[in-house]
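Trainee: What would the 3D arrangement of this be:
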Amino acid sequence: MLNLARSDALYGPAADPVINICKDKNELYEEAYVCFDSAAEKASETRDLIGLEKIEDRCVAAISDADTYAKLESAYKAKHEQMFPDEMFYGGTMYHPFTGCPVAEENASAEGQNANKGNTADNGDSDQKLELSSAQCAALNDFEARVGAMSLDELKSGFDKVEAAKEEDLSVLQDAFGVSSQTTELLEAQSPDENQKVATVGLALVANAHPELIGTLMEVGKSQGAPADEMGGALAQTMMLGIAKKIATGYETACN
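Mentor: Take a look at the predicted model:
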């Protein structure tokens, strides 16, 4: 499967830095594969949430295409059905996850990518740099204060209301979370891309404070709302919690 992942039919040479790191960190082949598979899934979900241009790790950006990941999963499932028809292939495997490429690896994998290095923070384990206006910070401070006072059941009910509402109906945020009219007015005046950024930070703040809600938050954040498959869902949730922590830290740096 790793050879297939690095073939021209899928990721090509762009997969090599991540595969090599996964193989170095994991002794067994299946552990290395799950490491790469989860890294590719996280990369595609991150790209869906924040866009390709905001992924600072070039190794992650290089394996972030959702269509390619879908092809990898399709090939994996076909092999699983052929070899293990009655059980989960690699299910429950313990492994060391991919956590990012060293700077040298990132530079090597940047070939062919559109790089925008003007406003990026140092990568590795550092926090992602966020650029937020004072009005966006005020809106996020408002949201953070409101949801911080809500119980877990109230939060779940609030997100149920958001999912049930029409995407363009931003007034639901007042009903769901009690945010101020100034917050909804800002969102109504902003571009969809800016709203996506604010929404991503808001979801990250809730996930960081309430990791038990990560499944609900991922469903809210998905553009199409398709449920994750049985194996990928658990892995993706673990990865997304790590991303949420970094985004929340970036928000604290930018706004507080």
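
Trainee: how close does Ala149 get to Ala207?
Mentor: Separation of Ala149 from Ala207 (Cβ to Cβ, to the nearest Å) stands at 17 Å. (Each C-beta comes from the backbone N, C-alpha and C, glycine too.)

Trainee: Looking at the two, which has the bigger crowd around it?
Mentor: For Ala149 versus Ala207, neighbours defined as other Cβ atoms under 10 Å are more numerous around Ala207 (24 against 10).

Trainee: which strands and helices sit next to whichever strand or helix holds that one?
Mentor: If you go by DSSP states H and E, Ala207 is part of helix 192-209. Using 3 or more Cβ pairs under 8 Å, 6 or more residues apart in numbering; DSSP states H and E as the contact criterion, the elements in contact with helix 192-209 are helix 29-50, helix 134-148, helix 214-221, helix 230-255.

Trainee: what separates it from the chain centre, distance-wise?
Mentor: Using Cα atoms, centre = their mean, to the nearest Å, we find the averaged C-alpha position of helix 192-209 to lie 11 Å away from the chain's own average C-alpha position.

Trainee: looking only at pLDDT, what's the mean for it?
Mentor: Helix 192-209 shows a mean pLDDT of 86.

Trainee: List of residues touching it?
Mentor: Helix 192-209 is contacted from outside by 49-51, 130, 132, 136, 139-140, 143-144, 147-148, 155, 187, 190, 213-214, 217, 220-221, 240-241, 243-245, 247-248, 250-251, using Cβ atoms under 8 Å, 6 or more residues apart in numbering.

Trainee: wouldn't Thr46 be in contact with Ser64 here?
Mentor: Yes. The criterion here is Cβ atoms under 8 Å, and Thr46 meets it with Ser64 at 6.7 Å.

Trainee: ok, those two, which is more surrounded?
Mentor: Counted by other Cβ under 10 Å, Thr46 and Ser64 do not tie: Ser64 has more neighbours, with 25 against 22.

Trainee: Can you classify the more buried one by secondary structure?
Mentor: Put simply, Ser64 is coil when judged by DSSP: H, G, I helix; E, B strand; the rest coil.

Trainee: residues contacting it?
Mentor: Neighbours of Ser64 in contact, by Cβ under 8 Å, 6+ apart: Ala40, Ala43, Ser44, Thr46, Arg47, Leu52, Ile55.

Trainee: Now for the closest residue to Ala62 other than its chain neighbours, how many residues are close by?
Mentor: If you skip the residues right next to it in sequence, Ala62 has Ala14 as its closest partner in space, 3.7 Å away by Cβ to Cβ, 6 or more residues apart in numbering. Residue crowding around Ala14 was assessed by other Cβ under 10 Å; the count is 23.

Trainee: circling back: just send the contacts of Ser64 back as a markdown table, with distance to Ser7 and pLDDT too.
Mentor: Formatted as a markdown table, those follow (distance: Cβ to Cβ, whole Å; pLDDT from 0 to 100):
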| residue | distance to Ser7 | pLDDT |
| --- | --- | --- |
| Ala40 | 14 | 94 |
| Ala43 | 18 | 93 |
| Ser44 | 18 | 93 |
| Thr46 | 23 | 92 |
| Arg47 | 21 | 91 |
| Leu52 | 22 | 89 |
| Ile55 | 23 | 89 |
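
Trainee: Pick out the most distant pair among these.
Mentor: Farthest-apart pair in the contacts of Ser64 is Ala40 and Leu52; separation 14.2 Å (Cβ to Cβ).

Trainee: Mind putting the helices and strands packed on helix 192-209 into TSV with distance to Val162?
Mentor: Supplementary listing: the helices and strands packed on helix 192-209 in TSV, determined by distance: least, Cβ to Cβ, whole Å:
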stretch	distance to Val162
helix 29-50	16
helix 134-148	12
helix 214-221	6
helix 230-255	17
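
Trainee: so of these, which one's packed in deepest?
Mentor: Ranked by average neighbour count under the criterion mean count of other Cβ atoms under 10 Å, the helices and strands packed on helix 192-209 are headed by helix 29-50 at a mean of 22.
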